[in-house]
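>>> need the 3D shape of this:
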Amino acid sequence: MQISTASKWTSALDALFTLATDEASTQRGGAKLIATIQGTQALGDVLRSAISDGDVVVAYDDATLLGFALCRRGVLEVVYVAPEHRREGVARALVSTVVQNRREVLDAYALPGDRATKSLYESFGWKARLLTMRAE
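Next up, the predicted model:
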């Protein structure tokens, strides 16, 4: 597995980003998380902008894109691994690379009920410190 900072937009990375946002949108809190990540940008521009800013880390096995992480302004906003490559250590490798290459990761997002992501973050010694409650 090769981990590196994404240097350019690719259709495979765009497809995986779309899969990640589609999957998140069906989960509790997903629409709000996507809106937070999106900010004032069009969702389609988020990935391109983050790549140009050096904020996207990708994992490949030969020519196959396994997953990506997006970390902006000290916040690990997205860690996503293609479903067929989960439980292979890809997410751990992505987060490790982000932590090693960034001055500081202050926060990381996880959806309510996403035990796998929470467990991943806890394995790095991170602790939940804020829970946001919203009327929906």
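
>>> same for the helix or strand of the chain at the bottom of the mean pLDDT ranking, what does it pack against?
Every helix and strand of the chain was ranked by mean pLDDT, DSSP states H and E. The lowest is strand 107-108, at a mean of 89. Using 3 or more Cβ pairs under 8 Å, 6 or more residues apart in numbering; DSSP states H and E, the elements in contact with strand 107-108 are strand 75-81. Bear in mind the C-beta positions are built from the backbone N, C-alpha and C, glycine included.

>>> quick one: contacts of the strand it packs on?
For strand 75-81, contacts defined as Cβ atoms under 8 Å, 6 or more residues apart in numbering pick out 16-17, 19-20, 23, 36-37, 59, 66-71, 88, 90-91, 94-95, 98, 105-109, 117, 120.

>>> apply 7 Å and report the result again.
The contact list for strand 75-81 (Cβ atoms under 7 Å, 6 or more residues apart in numbering) reads 16, 20, 37, 66-71, 90-91, 94-95, 98, 105-109, 117.

>>> give the buried residues for that strand.
The neighbour-count check on strand 75-81 (16 or more other Cβ atoms under 10 Å) flags 75-81 as buried.

>>> helix or strand right after it?
Next in sequence after strand 75-81, counting helices and strands by DSSP states H and E, comes helix 90-101.

>>> so what touches that next one?
1, 3, 57, 59, 66-67, 69, 71, 76, 79, 81, 105, 120, 124.

>>> how about 8 Å then?
Applying Cβ under 8 Å, 6+ apart, the external contacts of helix 90-101 come out as 1, 3, 5, 57, 59, 66-69, 71, 76, 79, 81, 105, 117, 120-121, 123-124.
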